[in-house]
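Student: A predicted structure for the sequence below; I have some questions about it.
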Amino acid sequence: MEITKNSIFIPSMLLLALTLASFVVAAAGIGVCYGTLGDNLLSSQEVINLFTQNNIPSMRIYNQNPSALQALGGSNIEVLVGVANEDLRVIGSTPGQANGWVQANILSHGNVKFKYIAVGNEIQPSDPAANSLVAAMRNIWTAITNAGLGDQIKVSTSVDFNVLDVSYPPSGGTFKSDRMWLLGPIISFLVETQAPLLVNTYPYFSHVSDPQSVPLDYALFRSPSVVVQDGSSGYQNLFDAMLDAVYSALEKADGGSVRVVVSETGWPSDGGAATSVDNARTYSTNLVSHVKGRTPKRPDQPIETYIFAMFDENQKSPDLEKFWGLFHPDKQPKYPITLN
């Protein structure tokens with residue numbers, strides 16, 4: 001997750017309110033990101049137990065996390081696992097390194113339900129690893145395919161919303177031209193392998209960067225009526241509009257068949273503008289209810305989403321980055337959350 005997200009004026013619908021004392025995720029398509037940059041967090045086994053006890057069906061883990069993979073063994077939790085940014089150059093240059101990564105992190109954990117591999121997270125064109133990203137994706141995919149898992153595990157990369165140059169209205173979504181040298185080959189790979197694009201999508205940052213154009217209720221799924229009318233499509237929430245802007249950009253880049261998975265989204269409870277426990281609860285609650293539906297542009301596709309994050313991470317900086325958790329380290333939910 002980056003602090004800087006581009007400002008956009010876009011939208012979905014939702015007004016629910018049931019308060020539960022426990023955290024139970026029943027909605028299909030919802031996962032939670034398990035970050036580990038804290039010195040007060042539970043053991044991996046306790047974390048996996050907490051996911052299981054609360055019926056959270058999917059988990060995103062970052063980079064190689066042997067203890068988490070070990071603890072996930074035999075569970076029914078579907079896993080999105082990441083290849084570290086710092087490993088992309090060697091994996092992209094040497095197929096043997098990709099084979100080794102797959103052996104150590106996938107094949108050695110045959111009782112883990114892997115669903116996606118995110119090869120890199122929010123790689124920028126200026127990053128040293130950018131030139132190796134697509135090669136690393138292809139080498140990992142080849143290793144997965146050779147292991148007979150190509151239909152079971154999809155290989156992608158996770159991008160930030162700043163890849164868009166235009167995001168309003170949603171139908172006008174386009175990618176930044178100076179990123180297409182990287183995005184174009186990524187999209188071609190995803191079309192070829194029928195894999196989704198993973199996008200970190202944060203209405204929070206769009207609201208705080210331009211609160212006049214992006215009202216709080218629009219970002220929190222609380223708008224009582226359409227905020228943005230885009231042709232025949234009406235948007236009551238920013239989340240849907242952001243997704244549809246990405247879909248529009250994909251269509252313009254010959255990626256109309258590519259599905260979008262929201263690999264991160266959430267709302268901080270402290271540390272910055274518009275942060276509060278109530279706003280975090282409202283966003284997460286409404287998000288879980290909303291993703292059972294569809295966006296106006298993709299009415300036939302459920303919205304697969306990972307909430308950021310399971311816990312606050314006190315070793316991150318700046319302060320805003322520390323307060324995205326759903327749970328306290330004592331396993332208690334930070335706030336009651338509305339579900340179903």
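Tutor: Looks like it came in fine. Quick caveat, the model's predicted, so the values are computed rather than measured.
Student: ramachandran coordinates for the nearest residue in space to Met180 that is not next to it in sequence?
Tutor: The shortest distance from Met180 to any non-neighbouring residue, by CB to CB, 6 or more residues apart in numbering, is to Ala253 (7.1 Å). For the C-beta atoms, the positions are set from N, CA and C on the backbone; glycine is no exception. Torsion angles at Ala253 (phi, psi; degrees, to the nearest 10) stand at phi -110, psi 30.
Student: for Ala253, give me its contacts.
Tutor: By CB atoms under 8 Å, 6 or more residues apart in numbering, the residues touching Ala253 are Phe175, Met180, Leu183, Gly184, Ile187.
Student: which among those residues gets closest to Tyr218?
Tutor: Phe175 (23.7 Å; CB to CB).
Student: among the contacts of Ala253, which one lies nearest to Trp141?
Tutor: Nearest member of those to Trp141, counting by CB to CB, is Ile187, at 14.5 Å.
Student: look up the closest residue to that closest one, ignoring the ones flanking it.
Tutor: Using CB to CB, 6+ apart and skipping the chain neighbours, the partner closest in space to Ile187 is Gly255 (4.0 Å).
Student: who's in contact with that neighbour?
Tutor: Gly255 neighbours (CB under 8 Å, 6+ apart): Ile187, Leu190, Val191, Leu197.
Student: quick one: the helices in the stretch 51-200 of the chain?
Tutor: 66-72, 88-93, 95-105, 133-146, 180-193 (DSSP state H, counting those that start in this stretch).
Student: for those helices, give me JSON lines that also has mean neighbour count, mean pLDDT and distance to Phe239.
Tutor: Putting the helices of the stretch 51-200 of the chain into JSON lines (neighbours: other CB atoms under 10 Å; pLDDT from 0 to 100; distance: least, CB to CB, whole Å) gives the following:
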{"stretch": "helix 66-72", "mean neighbour count": "19", "mean pLDDT": "97", "distance to Phe239": "28"}
{"stretch": "helix 88-93", "mean neighbour count": "21", "mean pLDDT": "98", "distance to Phe239": "29"}
{"stretch": "helix 95-105", "mean neighbour count": "18", "mean pLDDT": "98", "distance to Phe239": "31"}
{"stretch": "helix 133-146", "mean neighbour count": "22", "mean pLDDT": "98", "distance to Phe239": "27"}
{"stretch": "helix 180-193", "mean neighbour count": "18", "mean pLDDT": "98", "distance to Phe239": "22"}
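Student: among the ones you listed, which comes closest to Pro224?
Tutor: Short answer: helix 180-193, nearest of those by CB to CB, at 36.5 Å.
Student: any idea how far the closest residue to Ser188 other than its chain neighbours is from Ile186?
Tutor: If the residues on either side of it in the chain are set aside, Ser188 comes closest to Asp254, at 7.5 Å by CB to CB, 6+ apart. Distance, Asp254 to Ile186, using CB to CB, to the nearest Å: 12 Å.
Student: now swap in Ser284 and tell me
Tutor: Computed as CB to CB, the Ser284 to Ile186 distance reads 29 Å.
Student: returning to that earlier point: dump the helices of the stretch 51-200 of the chain to TSV, plus distance to Asp240.
Tutor: Formatted as TSV, the helices of the stretch 51-200 of the chain follow (distance: least, CB to CB, whole Å):
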stretch	distance to Asp240
helix 66-72	31
helix 88-93	32
helix 95-105	34
helix 133-146	28
helix 180-193	22
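Student: just tell me which of these ends up closest to Trp267.
Tutor: The nearest among those, by CB to CB, is helix 66-72 at 24.4 Å.
Student: give me the helices and strands touching that closest one, please.
Tutor: helix 44-53, strand 58-61, strand 78-83 (3 or more CB pairs under 8 Å, 6 or more residues apart in numbering; DSSP states H and E).
Student: could I get these as TSV with mean pLDDT?
Tutor: Converted to TSV, these look like this (pLDDT from 0 to 100):
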stretch	mean pLDDT
helix 44-53	95
strand 58-61	96
strand 78-83	98
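Student: any chance of those in CSV with distance to Thr36 and mean neighbour count as columns?
Tutor: Converted to CSV, the helices and strands packed on helix 66-72 look like this (distance: least, CB to CB, whole Å; neighbours: other CB atoms under 10 Å):
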stretch, distance to Thr36, mean neighbour count
helix 44-53, 8, 18
strand 58-61, 8, 24
strand 78-83, 12, 23
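Student: want to throw those into JSON lines with distance to Leu133?
Tutor: Formatted as JSON lines, these follow (distance: least, CB to CB, whole Å):
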{"stretch": "helix 44-53", "distance to Leu133": "28"}
{"stretch": "strand 58-61", "distance to Leu133": "19"}
{"stretch": "strand 78-83", "distance to Leu133": "10"}
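Student: and the ones you listed: which comes nearest Tyr335?
Tutor: Evaluated with CB to CB, the helices and strands packed on helix 66-72 place helix 44-53 nearest to Tyr335, the distance being 15.9 Å.
Student: what lies in contact with the closest one?
Tutor: 32, 34, 41-42, 59, 65, 67-68, 70-72, 75-77, 310, 327, 331.
Student: where's that helix relative to the chain centroid, distance-wise?
Tutor: Centre-to-centre, helix 44-53 and its host chain are 20 Å apart (CA atoms, centre = their mean, to the nearest Å).
Student: just stretch 103-119 next, same as before
Tutor: 18 Å.
Student: do stretch 55-70 as well
Tutor: Here stretch 55-70 shows a centroid-to-chain-centroid distance of 14 Å under the convention CA atoms, centre = their mean.
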